[in-house]
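> What follows is a predicted protein model with its sequence.
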Amino acid sequence: MLRTKVVMSVISSVGLLFVLTGCGGSGSSSSGSVTLNVEIGQGASDSAAVLKLFNEVKRGFQKKYPHIQVKISTYNIANVSSVVNTMVASHRGPNVFTIGTTFVPTLSASHAFVGWTPTMLKEINFSNLVPSATRMDGVPGHQPVGVIYQTSPFALFYNKALFKKANITSPPTTWAQFVADAKKMTHPSQRVWGSVIAPADPNYSLWMMWALARQVGQQLVNSQGTKANFASPKVVSQVRFYLNMLRTYHIVSPADVQYNQKDAFVAFMQGKAAMMPFGGMFDIPVLRTNPTFMRKDVGVAPVPTLPVGYKKLPQGGVPAESFVSGQEMTIFKYGTTQAQQAAAVKWIGYFDSPSVQTKMWKSVGYLPVNRESLKNPALKAPLWHSFEQILPHEYPTRRVAGWLAINTVFDKSLAGVFDSVALHNYHSGQLISTLRAANQKTDSVLSQFKAP
């Protein structure tokens, strides 16, 4: 179990404390009513749409269960590590907490979240969920502490109009093709680039490098979750490829070094970039602000899966198109009464029901995780069908308790290297020395966690 001094050490390494709202209490009154506190992450481009959806679902849920009053609060997803660690250390938090799928093992290792029993899973019809979307939950030998409620596989977004103008008939399937196509569509004088990336985002570089590393048969963290692998030769080669989009290939704008995920997607949507690798379904709300562009010019395809310099995947390499990406609902153990836990199970089951999942897709743009909802004929339209086809090719990330802290170190370290390239003061050896330093920092954090 994580001890308070360990938790506080992690807080100091990854961010400032965040003031929690919506904390659990007694949760019931003499009349039998129950108050359920639900806390959701905010900060991404889809935040307004997600909050609106949760409030709509709340009204429907309370109509079905009038004795359960739901209170929704939010936290800043940029501070998710601090939020979780503060909850665990203080034993104070909401009854239901949402978090990204890859971070669920951190919650499991804390022993501060309710483990889902077979009875609880049966109550929410867990078996009706899309199997590939539950690969971080339904793992043999691990009691799940989270249940997925939205899935958002990563993909390659591309501008069909710019492809047509360059006489390119289909999206690339290899990274060599990606570079070649991007060069054809790069016109700096017109402020149009072959691709756009987001090195300043707190997550984007790790997303990219996870896939590139898996494709060459490497993992960013060892199987025990104790050592980072950023400086291994194969991983370095893929980081260098990513860096060379700016440094050598010149297929992305120098301005990209300042971009977060939303900035990058806005540039894509404005026609300033022909492609965006590792765009997510959370970008759909931004895309919907330009419905004509969304309808006519946006294409979605799997990210390329064959690394540059290879004719086939190397030994151990997998055609990773995305990791299992989405959001989970978890039940915080401390301060949650039996009545609130029962209400939480009903809330999560309701959210994963076909009708609510369809509502979520229509209002926000995430693929439903309920198999019944995926049968909707409207989801066979090219944009949505392309995402659905990626689902079976999602791979789970390591079940690493310290995964929550990895991106904080890795993305911040790599952002500095991109800045150096953009400012023309990059020097030989900077990349490898940066990755070695990131390894050391990450190992220090990982050593404070026990496996979930």
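Arrived safely, thanks for sending. Numbering: from 1, shown residues only.
> Can you give me the neighbour number for Thr226?
For Thr226, the count of nearby residues is 16 (other Cβ atoms under 10 Å). C-beta here means a position set from N, CA and C on the backbone, and glycine is covered the same way.
> ugh, wrong one, I meant Pro377
With other Cβ under 10 Å as criterion, Pro377 counts 6.
> again, but for the one 10 residues further on
Around Phe387 sit 23 other residues, with neighbours defined as other Cβ under 10 Å.
> does it count as helix, strand or coil?
Assigned by DSSP: H, G, I helix; E, B strand; the rest coil, the conformation of Phe387 is helix.
> residue ranges with poor pLDDT in the stretch 251-400 of the chain?
Within the stretch 251-400 of the chain, no stretch has pLDDT under 70.
> what residue is smack in the middle of the chain?
Central residue of the chain (Cα atoms, centre = their mean): Ser325, 4.9 Å from the mean position.
> quick one: that one and Lys122, what's the gap?
26 Å (Cβ to Cβ, to the nearest Å).
> picking up where we left off before, which phi and psi values does the residue lying closest to the residue nearest to the centre of the chain once chain neighbours are set aside adopt?
In space, and not counting its chain neighbours, Ser325 is closest to Ser152: 5.2 Å by Cβ to Cβ, 6 or more residues apart in numbering. Per-residue torsions, Ser152: phi -140, psi 80 (degrees, to the nearest 10).
> Contacts only, for Ser152.
For Ser152, the contact set (Cβ atoms under 8 Å, 6 or more residues apart in numbering) comprises 280-282, 325-327, 366-367.
> I'd like to know how far it sits from Ile284.
9 Å.
> residues shared between the contacts of the two?
Taking Cβ under 8 Å, 6+ apart as the criterion, Ser152 and Ile284 both touch Tyr366.
> and Pro153, which of the three is it?
Under three-state DSSP, Pro153 comes out as coil.
> Would you mind measuring from it to Gln327?
From Pro153 to Gln327 the distance is 13 Å (Cβ to Cβ).
> Start from the N-terminal end of the stretch 151-300 of the chain and give the strands.
155-159, 275-279, 298-301 (DSSP state E, counting those that start in this stretch).
> helices or strands next to the first one in the packing?
Read that as strand 155-159. For strand 155-159, the contact count by 3 or more Cβ pairs under 8 Å, 6 or more residues apart in numbering; DSSP states H and E identifies helix 261-269, strand 275-279, strand 298-301, helix 382-390 as packing neighbours.
> Direction included, what does the third one pair against?
The reference is to strand 298-301. For strand 298-301, the paired strands and their directions (DSSP bridges) are strand 155-159 (antiparallel).
> what about the residue nearest to Phe178 when sequence neighbours are not counted, neighbour count?
Nearest non-adjacent residue to Phe178, counting by Cβ to Cβ, 6+ apart: Pro172, 4.2 Å away. By other Cβ under 10 Å, the residues close to Pro172 number 21.
> let's have the chain start at 209 instead
Done: numbering now begins at 209, and the last item shifts to Pro380.
> Correct me if wrong: Pro380 contacts Asp389.
Yes. Between Pro380 and Asp389 there is a contact under Cβ atoms under 8 Å: 5.3 Å.
> closest to Leu259 out of the strands of the stretch 359-508 of the chain?
strand 483-487 (21.8 Å; Cβ to Cβ).
> Who are the packing partners of that closest one?
So strand 483-487, by 3+ Cβ pairs under 8 Å, 6+ apart, packs with strand 363-367, helix 383-392, helix 412-423, helix 469-477.
> same thing but at 10 Å, please
Strand 483-487 makes packing contacts with strand 363-367, helix 383-392, helix 412-423, helix 469-477, strand 506-509 when contacts are defined by 3 or more Cβ pairs under 10 Å, 6 or more residues apart in numbering; DSSP states H and E.
> Can you dump the C-alpha atoms of that strand in PDB for me?
Taking C-alpha atoms only, strand 483-487 is exported to PDB below (Å, rounded to 0.1, in the frame of the first residue of the first chain):
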ATOM      1  CA  MET A 483      -1.800  15.400 -41.500                       C
ATOM      2  CA  MET A 484      -1.900  15.000 -37.700                       C
ATOM      3  CA  PRO A 485      -0.700  11.700 -36.300                       C
ATOM      4  CA  PHE A 486      -2.100  10.700 -33.000                       C
ATOM      5  CA  GLY A 487      -5.200  12.800 -33.100                       C
END
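> what's the angle between that strand and strand 363-367?
With axes from the mean of the first three to the mean of the last three Cα atoms, to 10 degrees defining the directions, strand 483-487 sits at 150 degrees from strand 363-367.
> the inter-axis angle of strand 483-487 versus helix 412-423?
Going by the same axes, to 10 degrees, strand 483-487 makes 90 degrees with helix 412-423.
> Any buried residues in strand 483-487, and which?
Going by neighbour count (16 or more other Cβ atoms under 10 Å), the buried part of strand 483-487 is 483-487.
> Which members of those residues are the farthest-apart pair?
Longest span within the buried residues of strand 483-487, Cβ to Cβ: Met483 and Phe486, 10.5 Å.
> intersection of neighbour lists for the two?
364-365, 405, 511 (Cβ atoms under 10 Å, 6 or more residues apart in numbering).
> TSV for these, including distance to Leu654 and neighbour count?
Below are the shared contacts of Met483 and Phe486 laid out as TSV (distance: Cβ to Cβ, whole Å; neighbours: other Cβ atoms under 10 Å):
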residue	distance to Leu654	neighbour count
Leu364	31	23
Phe365	33	28
Ile405	27	28
Val511	27	29
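> which of the residues you listed lies closest to Ala475?
Nearest to Ala475 among those, counting by Cβ to Cβ, is Ile405 at 10.0 Å.
> Which pLDDT value goes with that closest one?
Ile405 is assigned 97 on the pLDDT scale.
> How about the one 4 residues further on?
The predicted local confidence for Asp409 comes out at a pLDDT of 90.
> now swap in Ser237 and tell me
Ser237 is given a pLDDT of 49.
> before we move on, back to that, ok, now which ones touch the residue nearest to Phe386?
The contact partners of Pro380, taken as Cβ under 10 Å, 6+ apart, are 364, 366, 386-390, 483, 485, 509, 511-512, 514.
> Identify the farthest-apart pair in the residues you listed.
So, these by Cβ to Cβ: farthest apart are Tyr366 and Leu514, at 17.3 Å.
> ok, those two, which is more surrounded?
Tyr366 (28 against 20).
> give the contact list for the more buried one.
376, 378-380, 386, 389, 393, 403, 476, 481-485, 487, 505-509.
> cutoff 7 Å now
By Cβ atoms under 7 Å, 6 or more residues apart in numbering, Tyr366 lies in contact with 379, 482-483, 507, 509.
> Report the two of those residues separated the most.
For those, the farthest-apart pair by Cβ to Cβ is Ala482 and Ala509; their separation is 12.6 Å.
> of those two, who's got more company?
Ala482 (28 against 18).
> hang on, the more buried one packs against Leu370?
Yes. Counting by Cβ atoms under 7 Å, Ala482 touches Leu370, with 4.2 Å between them.
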